[in-house]
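*Asks:* the amino acid sequence is not available; the structure is as follows:
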Ligand SMILES: *[C@@H]1O[C@H](CO)[C@@H](O)[C@H](O)[C@H]1NC(C)=O
Ligand SMILES: *[C@@H]1O[C@H](CO)[C@@H](O)[C@H](O)[C@H]1NC(C)=O
Ligand SMILES: *[C@@H]1O[C@H](CO)[C@@H](O)[C@H](O)[C@H]1NC(C)=O
Ligand SMILES: *[C@@H]1O[C@H](CO)[C@@H](O)[C@H](O)[C@H]1NC(C)=O
Ligand SMILES: CC(=O)N[C@H]1CO[C@H](CO)[C@@H](O)[C@@H]1O
């Protein structure tokens, strides 16, 4: 009797905690129940080192995020040695998935002196080891805005090398097929080369599982065509892996209406894009928050910028209600996994163009620990596709400079958001 009672209780608990896992098929995300998954996400980094440790705080936030209509959070930095069980279960109970960056400010790949080595691999693996155990871990990111300049494009093969090694590690450990992707800065002059490069090549083990873009192109009263979203969508049509906005939410001019969500989840974009993540949850110096934990106070050692970073979240108006109103009415169903049989091929690897895109097609990726010396640089800039490389060779032509009609503010917005994260980091050091 007792045993069967316990079995029932345990079975009940399992059912309560069960959340469908997320995987990739073609250019879409699917839940394990066979339905297509669209990301309604919020960037969540209350504290620089790890916001997924304090379950009292996670509960307060998850509850309000559920009211908001969010189904995902993006966390930029975590401490893999921490205990994340309680917070992850709290978010799972609220129907919320995690997109987590594997790097930290000390392990990230950078474009000034690109490298990908054993120390970085071990650090990324530790985060994967910790978070793969949770069914609501939706995806891993091997980098955030690593490339922002033409001559930084030589870092792109290192980003792909990181994805290659983390995917191989995931498979060797027999972890679930948790997608591994990258979050790009929206730099007009790197488009569409970066996006195509991350997916190109015939060997799927060496390309990303998904690509995402931090885009602040839709500001104030704008439209699908005026914002530049129509052009982004044009260049993402036919892309062979999922693509979504890993940051969005321009803050000028106000009021912040989030009308771009109508395009993203509507007919214009939902057949190509898999949703968006709004930057960001907490109101702090950068001004992108949609909630606050109290009035801003004096700066103090515990509270370096005066913004309270814990407690009961209070929605900021009209940002929070505007976003919530949109998300309530926007529920694309997409396609069922069983009805979806894509025949997509990877885009061609872009050709070398001096001062624009300095990687020549599907060059051999750097090996782990290979340093960026003249030889490696030369094989990246002048090399030809390796045996495992490009499907279409180097055929993408590129025009020099910024794409016409690309607003300057997209980069500024991105910069502000990024600076906010960076500044927060230093305060908390
Ligand atoms: C790109 O150029 C800047 C100077 O403008 C330099 O500091 C940086 O090291 C260069 N990056 C690479 C990868 O050579
Ligand atoms: C990897 O690079 C970092 C610098 O980013 C360095 O501190 C570390 O020692 C390197 N690790 C190895 C194994 O070379
Ligand atoms: C789309 O791709 C074309 C080249 O195929 C490029 O010239 C254009 O700038 C891209 N547009 C955007 C918005 O990235
Ligand atoms: C694909 O890439 C992986 C990782 O680099 C490599 O181990 C494998 O041999 C490649 N497959 C082919 C067919 O080249
Ligand atoms: C979609 C939505 O609710 N939009 C509102 C955003 O906030 C402004 C200012 O309060 C309203 O005018 C919009 O109707």
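*Replies:* Ah, there it is. All values derive from a computational prediction rather than experimental measurement. Ligands and ions are numbered 1, 2, ... in the order given.
*Asks:* close to ligand 3: what parts of the stretch 151-300 of the chain are there?
*Replies:* Applying C-beta under 6 Å from any ligand atom, we find that the stretch 151-300 of the chain lies next to ligand 3 at 191-192, 231-232, 235. Glycine gets a C-beta too; all of them are placed from N, C-alpha and C.
*Asks:* most neighbours among those residues, which one?
*Replies:* For those, neighbours were counted by other C-beta atoms under 10 Å; the highest total belongs to residue 232, with 23 neighbours.
*Asks:* so what's the residue of the stretch 301-429 of the chain found nearest ligand 2 up against?
*Replies:* Of all residues in the stretch 301-429 of the chain, residue 369 sits closest to ligand 2, at 6.2 Å by C-beta to the nearest ligand atom. Taking C-beta atoms under 8 Å, 6 or more residues apart in numbering as the contact definition, residue 369 lies against 116-118.
*Asks:* out of the residues of the stretch 151-300 of the chain next to ligand 3, which is nearest to ligand 5?
*Replies:* The nearest member of those to ligand 5, counting by C-beta to the nearest ligand atom, is residue 232 at 22.1 Å.
*Asks:* wait, a helix at that closest one?
*Replies:* Yes: using DSSP: H, G, I helix; E, B strand; the rest coil, the assignment for residue 232 is a helix.
*Asks:* doesn't residue 218 make contact with it?
*Replies:* No: here residue 232 lies out of contact with residue 218, judged by C-beta atoms under 8 Å, at a distance of 10.1 Å.
*Asks:* could you tell me which residues touch both of those two?
*Replies:* Where contact means C-beta under 8 Å, 6+ apart, no residue is in contact with each of residue 232 and residue 218.
*Asks:* list the contacts of whichever strand or helix holds residue 380.
*Replies:* Counting by DSSP states H and E, the element that carries residue 380 is helix 374-381. Helix 374-381 has contacts (C-beta under 8 Å, 6+ apart) with 154, 157, 352, 358-360, 363-364, 366, 370.
*Asks:* now the two most distant members of those.
*Replies:* Taking C-beta to C-beta as the measure, the contacts of helix 374-381 reach their widest spread between 352 and 370, a distance of 19.5 Å.
*Asks:* which regions of the stretch 1-150 of the chain sit below the pLDDT cut-off?
*Replies:* Low-confidence segments of the stretch 1-150 of the chain, defined by pLDDT under 70, are located at 1-17.
*Asks:* and the strands in the protein?
*Replies:* If DSSP state E is used as the criterion, the strands of the chain fall at 22-25, 28-31, 39-43, 72-75, 97-101, 137-144, 180-185, 210-214, 243-248, 275-278, 291-292, 314-315.
*Asks:* appreciated, that's everything.
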